[in-house]
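> kindly return the folded structure for what I paste below:
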Amino acid sequence: MLKFMNIRQRHDTIVRTLRRNGTATIDELAGEVGASRRTVLRDISALRDDGFVIYSESGPGGGLQLDPQSMQTSARLSVPEVFALLISVAAMRAAQNLPFSDLADAGLAKIEKSLPSDKVRDLRRFLDCLHIGQLSPLQDLSDLGRIDPAMLPAFETAFLKRYCLKFEYRDAKGVKTSREVEPQAMLILQPLWYLVAWDPTRDDFRHFRMDRISKPACIEGAAFRRRHVPFEDDVCPYKDLLN
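Prediction:
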(Lines give C-alpha, C1' and ligand atoms only; values in the text may rest on other atoms or scores of the structure.)
Protein backbone atom coordinates (compact mmCIF):
# COMPACT_ATOMS: atom_id res chain seq x y z
CA MET A 1 0.00 0.00 0.00
CA LEU A 2 1.44 3.35 -1.06
CA LYS A 3 1.25 6.04 1.62
CA PHE A 4 1.58 9.81 1.37
CA MET A 5 0.46 10.05 -2.23
CA ASN A 6 -0.04 13.46 -3.74
CA ILE A 7 -3.35 14.36 -5.36
CA ARG A 8 -2.38 13.28 -8.85
CA GLN A 9 -1.02 9.94 -7.60
CA ARG A 10 -4.23 9.30 -5.68
CA HIS A 11 -6.39 10.13 -8.68
CA ASP A 12 -4.35 7.87 -10.97
CA THR A 13 -4.47 5.04 -8.42
CA ILE A 14 -8.24 5.37 -7.94
CA VAL A 15 -8.87 5.25 -11.70
CA ARG A 16 -6.55 2.26 -12.16
CA THR A 17 -8.19 0.42 -9.25
CA LEU A 18 -11.70 0.99 -10.59
CA ARG A 19 -10.68 -0.08 -14.08
CA ARG A 20 -8.96 -3.20 -12.73
CA ASN A 21 -11.57 -4.30 -10.16
CA GLY A 22 -14.75 -3.05 -11.76
CA THR A 23 -16.24 -2.07 -8.38
CA ALA A 24 -14.67 -0.77 -5.19
CA THR A 25 -15.97 0.71 -1.96
CA ILE A 26 -14.82 4.02 -0.50
CA ASP A 27 -13.09 2.13 2.31
CA GLU A 28 -11.23 -0.07 -0.18
CA LEU A 29 -10.07 2.94 -2.17
CA ALA A 30 -9.06 4.74 1.03
CA GLY A 31 -6.90 1.76 1.98
CA GLU A 32 -5.45 1.61 -1.54
CA VAL A 33 -4.31 5.24 -1.56
CA GLY A 34 -3.58 5.60 2.16
CA ALA A 35 -6.07 8.41 2.76
CA SER A 36 -9.25 9.09 4.71
CA ARG A 37 -12.79 8.43 3.43
CA ARG A 38 -13.37 12.19 3.27
CA THR A 39 -10.28 12.68 1.10
CA VAL A 40 -11.34 9.87 -1.25
CA LEU A 41 -14.82 11.37 -1.58
CA ARG A 42 -13.23 14.70 -2.57
CA ASP A 43 -11.03 12.83 -5.06
CA ILE A 44 -14.06 11.12 -6.61
CA SER A 45 -15.79 14.50 -6.98
CA ALA A 46 -12.67 15.99 -8.62
CA LEU A 47 -12.39 13.03 -11.01
CA ARG A 48 -16.00 13.52 -12.05
CA ASP A 49 -15.27 17.19 -12.69
CA ASP A 50 -12.35 16.08 -14.88
CA GLY A 51 -14.74 14.07 -17.06
CA PHE A 52 -14.66 10.56 -15.57
CA VAL A 53 -18.09 8.91 -15.27
CA ILE A 54 -18.20 7.20 -11.86
CA TYR A 55 -21.41 5.55 -10.66
CA SER A 56 -22.35 4.96 -7.03
CA GLU A 57 -24.41 1.96 -5.90
CA SER A 58 -25.59 1.57 -2.33
CA GLY A 59 -26.41 -1.58 -0.40
CA PRO A 60 -24.69 -4.98 -0.15
CA GLY A 61 -22.35 -5.58 -3.05
CA GLY A 62 -22.48 -1.94 -4.03
CA GLY A 63 -19.73 0.60 -4.35
CA LEU A 64 -18.20 2.78 -7.01
CA GLN A 65 -18.02 1.82 -10.67
CA LEU A 66 -16.14 3.57 -13.46
CA ASP A 67 -17.72 3.70 -16.89
CA PRO A 68 -15.13 1.79 -18.98
CA GLN A 69 -15.61 4.21 -21.88
CA SER A 70 -15.07 7.37 -19.82
CA MET A 71 -11.82 9.29 -19.81
CA GLN A 72 -10.33 12.52 -18.59
CA THR A 73 -11.54 15.50 -20.59
CA SER A 74 -9.86 18.37 -18.74
CA ALA A 75 -6.23 19.23 -19.46
CA ARG A 76 -3.45 18.61 -16.96
CA LEU A 77 -0.67 20.51 -18.59
CA SER A 78 2.50 21.83 -17.05
CA VAL A 79 3.86 25.32 -17.71
CA PRO A 80 6.52 23.97 -20.14
CA GLU A 81 3.84 22.03 -22.05
CA VAL A 82 1.59 25.10 -22.40
CA PHE A 83 4.61 27.26 -23.24
CA ALA A 84 5.66 24.75 -25.92
CA LEU A 85 2.18 25.04 -27.47
CA LEU A 86 2.23 28.83 -27.32
CA ILE A 87 5.65 29.24 -28.87
CA SER A 88 4.86 26.69 -31.57
CA VAL A 89 1.76 28.67 -32.53
CA ALA A 90 3.69 31.95 -32.36
CA ALA A 91 6.50 30.57 -34.52
CA MET A 92 4.06 29.29 -37.14
CA ARG A 93 2.27 32.64 -37.16
CA ALA A 94 5.57 34.48 -37.62
CA ALA A 95 6.34 32.22 -40.57
CA GLN A 96 2.87 33.06 -41.96
CA ASN A 97 2.03 29.38 -41.90
CA LEU A 98 -0.80 29.15 -39.39
CA PRO A 99 -4.25 28.39 -40.80
CA PHE A 100 -7.18 28.58 -38.36
CA SER A 101 -5.18 30.90 -36.07
CA ASP A 102 -8.33 32.21 -34.36
CA LEU A 103 -9.31 28.69 -33.30
CA ALA A 104 -5.78 28.00 -32.09
CA ASP A 105 -5.81 31.17 -29.98
CA ALA A 106 -9.22 30.29 -28.50
CA GLY A 107 -8.04 26.79 -27.62
CA LEU A 108 -4.87 28.09 -25.97
CA ALA A 109 -6.92 30.61 -23.96
CA LYS A 110 -9.05 27.76 -22.59
CA ILE A 111 -5.94 25.80 -21.65
CA GLU A 112 -4.51 28.82 -19.85
CA LYS A 113 -7.73 29.17 -17.84
CA SER A 114 -7.37 25.58 -16.64
CA LEU A 115 -4.04 26.36 -14.95
CA PRO A 116 -3.73 27.44 -11.31
CA SER A 117 -3.03 31.15 -10.81
CA ASP A 118 0.60 30.56 -9.78
CA LYS A 119 1.21 28.57 -12.98
CA VAL A 120 -0.40 31.34 -15.07
CA ARG A 121 1.97 33.82 -13.43
CA ASP A 122 4.94 31.58 -14.27
CA LEU A 123 3.70 31.19 -17.82
CA ARG A 124 3.44 34.94 -18.35
CA ARG A 125 6.90 35.50 -16.91
CA PHE A 126 8.15 32.79 -19.23
CA LEU A 127 6.47 34.40 -22.24
CA ASP A 128 8.17 37.71 -21.44
CA CYS A 129 11.48 36.14 -22.48
CA LEU A 130 10.21 35.07 -25.91
CA HIS A 131 11.10 37.07 -29.03
CA ILE A 132 10.25 36.18 -32.61
CA GLY A 133 11.77 37.61 -35.77
CA GLN A 134 12.28 36.82 -39.43
CA LEU A 135 15.31 34.85 -40.57
CA SER A 136 17.62 36.47 -43.08
CA PRO A 137 17.83 34.67 -46.45
CA LEU A 138 21.63 34.83 -46.05
CA GLN A 139 21.53 32.34 -43.13
CA ASP A 140 23.14 28.98 -43.86
CA LEU A 141 20.81 26.16 -42.79
CA SER A 142 22.81 23.26 -44.18
CA ASP A 143 23.77 21.95 -40.74
CA LEU A 144 20.40 22.41 -39.02
CA GLY A 145 20.00 19.76 -36.32
CA ARG A 146 17.47 18.58 -33.74
CA ILE A 147 16.92 20.48 -30.48
CA ASP A 148 17.49 18.44 -27.32
CA PRO A 149 14.03 17.86 -25.68
CA ALA A 150 15.63 18.63 -22.28
CA MET A 151 16.29 22.21 -23.42
CA LEU A 152 12.82 23.65 -22.76
CA PRO A 153 12.29 22.39 -19.17
CA ALA A 154 15.88 23.30 -18.27
CA PHE A 155 15.40 26.79 -19.71
CA GLU A 156 12.08 27.18 -17.87
CA THR A 157 13.64 26.31 -14.51
CA ALA A 158 16.71 28.47 -15.16
CA PHE A 159 14.63 31.45 -16.23
CA LEU A 160 11.96 31.34 -13.50
CA LYS A 161 14.43 30.67 -10.69
CA ARG A 162 17.24 32.72 -12.26
CA TYR A 163 19.64 29.81 -12.17
CA CYS A 164 22.69 29.79 -14.39
CA LEU A 165 22.65 27.19 -17.13
CA LYS A 166 25.48 24.90 -18.09
CA PHE A 167 25.69 22.87 -21.29
CA GLU A 168 27.96 21.57 -23.98
CA TYR A 169 28.05 23.66 -27.14
CA ARG A 170 29.16 22.83 -30.68
CA ASP A 171 30.06 25.86 -32.76
CA ALA A 172 29.82 26.32 -36.53
CA LYS A 173 33.19 24.62 -37.00
CA GLY A 174 32.20 21.61 -34.91
CA VAL A 175 34.35 22.58 -31.93
CA LYS A 176 32.78 21.57 -28.60
CA THR A 177 33.09 23.63 -25.42
CA SER A 178 31.48 23.60 -21.98
CA ARG A 179 29.57 26.79 -21.20
CA GLU A 180 28.02 28.36 -18.09
CA VAL A 181 25.74 31.31 -18.86
CA GLU A 182 22.83 33.40 -17.58
CA PRO A 183 19.78 32.66 -19.78
CA GLN A 184 17.98 35.91 -20.59
CA ALA A 185 15.70 35.23 -23.55
CA MET A 186 14.63 32.87 -26.31
CA LEU A 187 14.82 34.08 -29.90
CA ILE A 188 12.94 32.27 -32.67
CA LEU A 189 13.96 32.92 -36.26
CA GLN A 190 12.12 30.02 -37.79
CA PRO A 191 13.48 27.39 -38.28
CA LEU A 192 16.37 28.47 -36.01
CA TRP A 193 15.88 28.78 -32.26
CA TYR A 194 18.40 30.64 -30.14
CA LEU A 195 19.13 30.82 -26.43
CA VAL A 196 20.16 34.41 -25.71
CA ALA A 197 22.36 34.53 -22.63
CA TRP A 198 24.79 36.73 -20.78
CA ASP A 199 28.22 35.12 -20.80
CA PRO A 200 30.13 36.24 -17.68
CA THR A 201 33.45 35.07 -19.13
CA ARG A 202 33.02 37.44 -22.08
CA ASP A 203 31.07 40.13 -20.27
CA ASP A 204 28.57 40.29 -23.12
CA PHE A 205 25.47 38.71 -24.66
CA ARG A 206 25.83 35.58 -26.75
CA HIS A 207 23.36 33.78 -29.03
CA PHE A 208 23.50 29.98 -28.86
CA ARG A 209 21.71 27.95 -31.50
CA MET A 210 19.59 25.47 -29.59
CA ASP A 211 20.21 22.64 -32.03
CA ARG A 212 23.91 22.89 -31.09
CA ILE A 213 23.29 22.66 -27.33
CA SER A 214 23.49 19.33 -25.51
CA LYS A 215 23.29 18.16 -21.90
CA PRO A 216 21.62 21.32 -20.52
CA ALA A 217 21.44 21.52 -16.70
CA CYS A 218 20.68 24.21 -14.14
CA ILE A 219 23.26 25.32 -11.59
CA GLU A 220 21.10 25.58 -8.48
CA GLY A 221 21.80 28.50 -6.21
CA ALA A 222 23.83 30.37 -8.82
CA ALA A 223 21.29 33.18 -9.21
CA PHE A 224 21.68 35.98 -11.73
CA ARG A 225 19.95 39.28 -12.48
CA ARG A 226 17.71 39.95 -15.44
CA ARG A 227 19.24 42.14 -18.12
CA HIS A 228 17.76 44.14 -20.95
CA VAL A 229 18.37 42.23 -24.17
CA PRO A 230 19.03 44.74 -26.98
CA PHE A 231 16.95 43.01 -29.65
CA GLU A 232 16.13 46.36 -31.22
CA ASP A 233 19.79 46.54 -32.32
CA ASP A 234 19.79 43.19 -34.11
CA VAL A 235 16.83 40.84 -33.85
CA CYS A 236 17.71 39.02 -37.02
CA PRO A 237 21.27 37.64 -36.99
CA TYR A 238 22.35 35.78 -40.08
CA LYS A 239 25.93 34.90 -39.16
CA ASP A 240 27.19 32.85 -36.28
CA LEU A 241 27.19 35.32 -33.44
CA LEU A 242 27.90 32.39 -31.44
CA ASN A 243 31.33 32.17 -30.36
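> state the helix or strand in which the most centrally placed residue in the chain lies.
Centrality entry for the chain: nearest residue to the mean C-alpha point is residue 80, 1.2 Å, by Cα atoms, centre = their mean. Using DSSP states H and E, residue 80 falls within helix 79-94.
> also residue 158?
According to DSSP H and E, residue 158 maps onto helix 151-161.
> list of residues touching that helix?
The contact list for helix 151-161 (Cβ atoms under 8 Å, 6 or more residues apart in numbering) reads 79-80, 83-84, 122, 125-126, 129, 163-165, 183, 186, 195, 210, 213, 216-218, 220, 223. Where C-beta positions appear, they are placed from N, C-alpha and C, glycine not excepted.
> quick check: ChimeraX command selecting the buried ones in those.
In ChimeraX syntax, the buried subset of those is picked out as below (16 or more other Cβ atoms under 10 Å):
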select :79,80,83,84,122,126,129,163,164,165,183,186,195,210,213,216,218
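> just checking, which of the contacts of helix 151-161 belong to helices?
79, 80, 83, 84, 122, 125, 126 (DSSP state H).
> now do the strands in the chain.
Using DSSP state E, the strands of the chain run over residues 23-24, 54-57, 63-66, 130-132, 163-170, 176-189, 192-199, 204-209, 213-223.
> pull the number of nearby residues for residue 32.
Other residues near residue 32 number 19, with proximity taken as other Cβ atoms under 10 Å.
> tell me the pLDDT of it.
With respect to pLDDT, residue 32 scores 89.
> cool, and residue 70?
Looking at residue 70, its pLDDT is 67.
> nearest residue to residue 44 other than its sequence neighbours?
With Cβ to Cβ, 6 or more residues apart in numbering as the criterion, residue 44 has its nearest non-adjacent residue at 5.9 Å, and that residue is residue 54.
> beta-bridge partners for that neighbour, please?
Note on residue 54: beta-bridge partners by DSSP bridges are residue 66.
> list the contacts of it.
Going by Cβ under 8 Å, 6+ apart, residue 54 touches 18, 44, 47, 48, 64, 65, 66, 67, 70.
> okay, now the domains of the chain?
In the domain annotation for the chain, the residue ranges read 7-66, 75-128, 129-243 (automatic domain parsing).
> residue 52 and residue 23, how far apart?
Per Cβ to Cβ, to the nearest Å, residue 52 is found 15 Å from residue 23.
> I misspoke; the intended subject was residue 183.
Distance from residue 183 to residue 23, counting by Cβ to Cβ: 51 Å.
> just to revisit the earlier point, now the angle from the helix holding residue 158 to strand 163-170?
On the basis of axes from the mean of the first three to the mean of the last three Cα atoms, to 10 degrees, helix 151-161 is oriented at 150 degrees to strand 163-170.
> now the nearest residue to residue 191 once chain neighbours are set aside: phi and psi?
Spatially, and ignoring its direct neighbours in sequence, residue 191 is nearest to residue 144 (6.4 Å; Cβ to Cβ, 6+ apart). With angles defined as degrees, to the nearest 10, residue 144 sits at phi -60, psi 130.
> would you mind confirming that residue 144 makes contact with residue 211?
Yes - using Cβ atoms under 8 Å, residue 144 is in contact with residue 211, at 6.2 Å.
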